[in-house]
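Trainee: can you look at this prediction? I've put the sequence above it.
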Amino acid sequence: MIGRVIAGRYELTEPLGKGAMGQVWGGHDRGLGGRPVAVKLMHSGRMASLSGTADPEELRERFERECRVTAQLDHPNLVTVFDAGRADDELFLVMQRLEGSDLADHLAEHDPYPWRWAVAVAAQLCSALVAVHAVRIVHRDLKPGNVIVRPDGRVVVLDLGIAAVGSVGDASRLTRTGTLIGTPVYMAPEQAMGSAPVGPAADLYALGVLLYELLGGRVPFDAPEAAGLLYKKLHEEPVPVSRLRPETPAPLAALVHRLLHREPAARPADAHEVYDALAPLLPRAGSGDGPAPPLDPTRPFREPVAPWPPRPAPARTGFGPPPATGLTATLEEVRGLLAAGHYAHVAELLGRALPAAVAEHGAASPVVRTLRKQYAVTLMDTGQYARALPEIAELIREYAAERGPHDSVVTQLLQDEALCRHHLTRR
């Protein structure tokens, strides 16, 4: 796959991630001097079976039509779409390639997550949702893994191409194949049931789950099976976020409660209203103690037009904060090596860092699990299937116990496990 050229111009250079619908690759745009891009490849047959659409050709036409709408969106909190089309049996979406940390990793690296950061993240997501909903598109899969925090603190929503496919018609997310498209933990009840067309209120519910998780360190509802999860959403109330984080301002806790209401009509009217509720809690321009550090989501509000990267700090004289060390420095180095395509070095680095991370944070820590997932993927990417297999098997056991056997992460890990076994049996 490495070196493959899509549509005569997009050369694939390295895998960036995989999901139920397809795979994301890093690449270069040969037509524009090698500009770095991210290319999402989706097999139309697989997408047709998951979406309940019998005709892959119909799905391709929908995809291309909706991508034309999505590509017109120009917003700082939305990933920019450069191109879309088809290549053989695959649909492809070409987007800007973003550096930074996905919100799931960002949360794992900063535990507990500062409530002011949570407010800044949610406010930026509201701004993105206003733009998306204005063109009658519903994201349907808003979650930490589909959000990236850039080094300058800007929060960017990803995967609008998949959202565009899902927004056509009123087909249920629980399809005739029995497969949930999306992530059950973040789904609004009406989305999981498929009892009515899914509207913007479903995205506001997902925003509520995400905000609850940032503040409380856990999702509001959890169950091993999707049916049990839906039952809890319909019949139970989550633990108040103010009980999990007593320092949470009362207006913020009340907003989270409204966003998580089981009835769409009882949630805020739109993303504008959510932003208005968050605005009094946001930092003002010029506030704060000195320049914001990298990956601080309050920076766009504190320093809205300040250049990035910031002015280099003067040479240290024994005062001030030390440079990043330990796990934070390791994660920064991993991101740089992945961007440069040095996978073997990443595998070696993560293999050394994991024991220290376990000793510091505990084997069940979210940040340790994130490291192990990256370690397993990197081992596979470098052909070390025998070393990757036990890591993947352990991740499957943990995620299945926590989220249930039908969770999208478990499904992907099972596919990775099967791939490892396939390669090992061929030797």
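Mentor: Nice, I can see it. None of the values given here were measured: they were computed from a predicted structure.

Trainee: quick check: Met42 is in a strand.
Mentor: Yes: counting by DSSP: H, G, I helix; E, B strand; the rest coil, Met42 falls inside a strand.

Trainee: tell me how far it lies from Leu78.
Mentor: Distance of Met42 to Leu78, given as CB to CB, to the nearest Å: 19 Å. All C-beta atoms are positioned from the backbone trio N, CA, C, and that covers glycine.

Trainee: those two: which has the busier surroundings?
Mentor: Higher neighbour count among Met42 and Leu78: Met42, with 25 against 19, using other CB atoms under 10 Å.

Trainee: is that one bridged to anything, and to what?
Mentor: Taking DSSP bridges as the rule, Met42 bridges to Gly22, Leu91.

Trainee: wait, Thr248 sits on Leu215?
Mentor: Yes: counting by CB atoms under 8 Å, Thr248 touches Leu215, with 5.6 Å between them.

Trainee: what is in contact with those two at once?
Mentor: Residues touching both Thr248 and Leu215 (CB atoms under 8 Å, 6 or more residues apart in numbering): Trp115, Val241.

Trainee: the more surrounded of those two?
Mentor: Taking other CB under 10 Å, Thr248 and Leu215 do not tie; Leu215 has more neighbours (25 against 20).

Trainee: doesn't that one lie inside a helix?
Mentor: Yes: according to three-state DSSP, Leu215 belongs to a helix.

Trainee: and the helices in the stretch 1-150 of the chain, which stretches?
Mentor: Ranges of helices in the stretch 1-150 of the chain, per DSSP state H, counting those that start in this stretch, are 44-51, 56-70, 103-109, 115-134.

Trainee: now render these as a markdown table, adding mean neighbour count, mean pLDDT and distance to Val147.
Mentor: Below are these laid out as a markdown table (neighbours: other CB atoms under 10 Å; pLDDT from 0 to 100; distance: least, CB to CB, whole Å):
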| stretch | mean neighbour count | mean pLDDT | distance to Val147 |
| --- | --- | --- | --- |
| helix 44-51 | 18 | 60 | 22 |
| helix 56-70 | 17 | 74 | 17 |
| helix 103-109 | 21 | 90 | 4 |
| helix 115-134 | 23 | 96 | 7 |
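
Trainee: between those, which one is closest to Gln374.
Mentor: For Gln374, the closest of these is helix 103-109, at 8.9 Å, according to CB to CB.

Trainee: what lies in contact with that closest one?
Mentor: Against helix 103-109 from outside (CB under 8 Å, 6+ apart): 101, 113, 121, 143-145, 147-149, 155, 210, 213-214, 295, 327-328, 331, 365-367, 369-370.

Trainee: strands - which of those land there?
Mentor: Under the assignment DSSP state E, the contacts of helix 103-109 contribute Ser101, Val147, Ile148, Val149, Val155 to strands.

Trainee: contacting residues for Gly85?
Mentor: Gly85 touches Ala7, Glu64, Leu91, Phe92, counting by CB under 8 Å, 6+ apart.

Trainee: looking at these, which one is closest to Ala223?
Mentor: Checking the contacts of Gly85 one by one against Ala223 (CB to CB), the nearest turns out to be Leu91, at 33.0 Å.

Trainee: go ahead and confirm the closest one touches Arg60.
Mentor: Yes: counting by CB under 8 Å, Arg60 is a contact partner of Leu91 at 6.1 Å.

Trainee: any idea how far Tyr10 is from Val69?
Mentor: 21 Å.

Trainee: my bad, Leu229
Mentor: Leu229 is 32 Å from Val69, by CB to CB.

Trainee: low-confidence ranges, the stretch 301-427 of the chain, go.
Mentor: 312-332, 335-343, 407-408, 427 (pLDDT under 70).

Trainee: which residue ranges form the strands in it?
Mentor: Using DSSP state E, counting those that start in this stretch, the stretch 301-427 of the chain contains no strands.

Trainee: min pLDDT across the ones in strands among the contacts of helix 103-109, which one?
Mentor: Lowest pLDDT of the ones in strands among the contacts of helix 103-109: Ser101, 90.

Trainee: thought that one was touching Val149?
Mentor: Yes: counting by CB under 8 Å, Ser101 touches Val149, with 5.3 Å between them.

Trainee: separation between the residue most central in space within the chain and Val39?
Mentor: The residue lying closest to the centre of the chain (CA atoms, centre = their mean) is Gly145, at 1.7 Å. Using CB to CB, we find Gly145 at a distance of 18 Å from Val39.

Trainee: for His272, same thing?
Mentor: Using CB to CB, His272 is found at 34 Å from Val39.

Trainee: who has more neighbours out of these two?
Mentor: Each of His272 and Val39 has its neighbours counted (other CB under 10 Å); Val39 has more, 28 against 14.

Trainee: next, Ala202: secondary structure please.
Mentor: When classified by three-state DSSP, Ala202 comes out as helix.

Trainee: so who does the residue lying closest to Leu16 once chain neighbours are set aside touch?
Mentor: Nearest residue to Leu16, sequence neighbours excluded (CB to CB, 6 or more residues apart in numbering): Val24, at 4.5 Å. Contact analysis of Val24 by CB under 8 Å, 6+ apart lists Pro15, Leu16, Gly17, Lys18, Ala38, Val39, Lys40, Leu41.

Trainee: got a pLDDT number for Val24?
Mentor: Val24 is assigned a predicted lDDT (pLDDT) of 88.

Trainee: from Gln72, how far off is it?
Mentor: Computed with CB to CB, the distance linking Val24 and Gln72 is 22 Å.

Trainee: likewise Ala104?
Mentor: Distance from Ala104 to Gln72, by CB to CB: 29 Å.

Trainee: next one: Arg426
Mentor: Per CB to CB, Arg426 is found 47 Å from Gln72.

Trainee: with adjacent residues omitted, what lies nearest to Phe82?
Mentor: Val94 (4.5 Å).

Trainee: what residues of stretch 10-25 count as buried?
Mentor: For stretch 10-25, the neighbour count (16 or more other CB atoms under 10 Å) marks 10-17, 19-25 as buried.

Trainee: over to stretch 185-194?
Mentor: Val185, Tyr186, Met187, Ala188, Pro189, Glu190, Gln191, Ala192.

Trainee: out of those, what pair is the most spread apart?
Mentor: Of all the pairs that the buried residues of stretch 185-194 form, the one spanning the most space (CB to CB) is Val185 and Glu190, at 15.5 Å.
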